[in-house]
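Asker: Below is the sequence, then the predicted model.
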Amino acid sequence: MSDPLLRYRPEFPILERTNYLISNSLGAMPRGVYDAMKGYADTWATRGVRAWEERWWMLGAEVGDEIGALMNAPKGSVSTHQNVTTCQAVVASCLDFSGKRNKVVYTDMNFPSIMYFWEAQRPYGARVHMVKTDDGVTIPTDRLLDAIDEHTLIVPVSHVIFRSAFINDAAAIVEKAHKVGAYVVLDTFQSLGTIPVDVQKLNVDFACGGVLKWLCGGPGVAYLYVRPDLGTKLVPKFTGWFAHHEPFNFEIGPTRYADPPFRFMNGTSHVPSLEAARPGVKIITEVGVDRIREKSKRQTTRLIELADHRGWRVNTPRDPEQRGGTVSIDMPVAQDVCRELLNRDILVDYRPQAGVRFSPHFYTRDEELDSAIAAVEEILKARAVTSR
């Protein structure tokens, strides 16, 4: 089968020697990052402090717009930060937990860092309500919606679950939250870049994520979308000089807030990471998320078929419309298998209650799926012989 997306493989050096099936954890580095980092160093070396005025000050907003275009966010509505936990903290700093509307609703399938942050808000009045999974794969949507009531202030929820790749019904969650007067912060870390996301269509209040996974942008850059009508009204208490209307006046006293996206930024931005993020975002934009999604559905279906043929448990939805870009396979001694696959330059990862996570991306060859599963079978056979 001809695969036009494979023409981008030469842009990713690691693919020359590695079966790279771990884009859900860290996307392959684009070759363009070398030039981006050299450009950063050259600018610093030759322009010195002038780099702030000439390039660096606006870089966070520019990268935010580039990421925002992938989720149909209006220009100026996406700020950039170091990580998703920081994004959640910025959102929380806009809220007041002292009244009757102080309930935080999320699920036990959220990424743990998000849970840790919201649990830490209990001393400030937050009442955390965690909806639990029944099967370790999906979220009981009806139960989640029932938990969102008139006392709910915010619903921080993953769009795609990191363990199982289950796609939450974001539209239904947003609709219910708005019906009772609550906000939703949608974590799109495991969705943006591999499934279509449209924040305007969803009418979501906040969306956040990072570039290091499916956007192939490396660590150190997260993004926070704030719905434009909220962006002019909310007052973040987690703030800093980048959020000031006249930062270079160095005024004493309370903040006079800038317009979004700077309104939701805080301290000095992380310039090298922002530069490194751009080549990956550019490639994803050029390839197109719709094309990435179609290939992903086909390749994840293939992985499930290969696992089924061998009788291994699949901890990922079988319906491709409910599944993101990852297939979690819980074969025997899965953690040991993962370790041996890494030794063979087949890059995957292991997560408890999930198994080995296989995550092909647009640059993955079909035969790489077959060879990875064949390697698992070979490892298990060798262990069986050794244990006799």
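Answerer: Right, received. Where do you want to start?

Asker: mind checking the SS state of S79?
Answerer: strand (DSSP: H, G, I helix; E, B strand; the rest coil).

Asker: Distance check, G311 against R163.
Answerer: In this view, G311 and R163 are 21 Å apart by Cβ to Cβ, to the nearest Å. C-beta coordinates here come from the backbone N, C-alpha and C atoms, glycine included.

Asker: meant to ask about G209
Answerer: In this view, G209 and R163 are 17 Å apart by Cβ to Cβ.

Asker: measure stretch 7-20 end to end?
Answerer: Taking Cα to Cα, to the nearest Å, the span from the opening residue of stretch 7-20 to its closing residue is 16 Å.

Asker: Mind listing what's buried along it?
Answerer: The neighbour-count check on stretch 7-20 (16 or more other Cβ atoms under 10 Å) flags 8, 11-12, 15, 18-20 as buried.

Asker: circling back to that earlier point, G209 and R163: which is more packed in?
Answerer: Set side by side, G209 and R163 give different neighbour counts by other Cβ atoms under 10 Å, the larger being at G209 (29 against 22).

Asker: so how far is D187 from L274?
Answerer: Spatial separation of L274 from D187 under the definition Cβ to Cβ is 21 Å.

Asker: ok, and the closest non-adjacent residue to F206?
Answerer: For F206, the nearest residue in space outside its immediate sequence neighbours is V185; the separation is 4.0 Å by Cβ to Cβ, 6 or more residues apart in numbering.

Asker: re the thing from before, quick one, which of L274 and D187 is more surrounded?
Answerer: Between L274 and D187, counted using other Cβ under 10 Å, the more crowded position is D187 (28 against 22).

Asker: In this structure the more buried one contacts V155, no?
Answerer: No - taking Cβ atoms under 8 Å as the contact criterion, D187 and V155 are not neighbours in contact, 10.8 Å apart.

Asker: that older thread, from the buried residues of stretch 7-20, which ones fall inside strands?
Answerer: Secondary structure assignment by DSSP state E places 19-20 of those in strands.

Asker: Nearest to A36 among the buried residues of stretch 7-20?
Answerer: E11 (12.8 Å; Cβ to Cβ).

Asker: so what pLDDT did R383 get?
Answerer: The score at R383 is 84. That number is its pLDDT.

Asker: Averaged pLDDT, stretch 314-324. What do you get?
Answerer: 97.

Asker: Checking the most centrally placed residue in the chain next. Helix, strand or coil?
Answerer: In the chain, the C-alpha closest to the average C-alpha coordinate belongs to F189, at a distance of 1.0 Å (Cα atoms, centre = their mean). For F189, the assignment made with three-state DSSP gives coil.

Asker: The nearest residue to it once chain neighbours are set aside: what's it in contact with?
Answerer: Ranked by Cβ to Cβ, 6+ apart and with sequence neighbours excluded, the top spatial neighbour of F189 is G209, at 3.9 Å. By Cβ atoms under 8 Å, 6 or more residues apart in numbering, the contact list for G209 reads 84, 187-192, 222-223.
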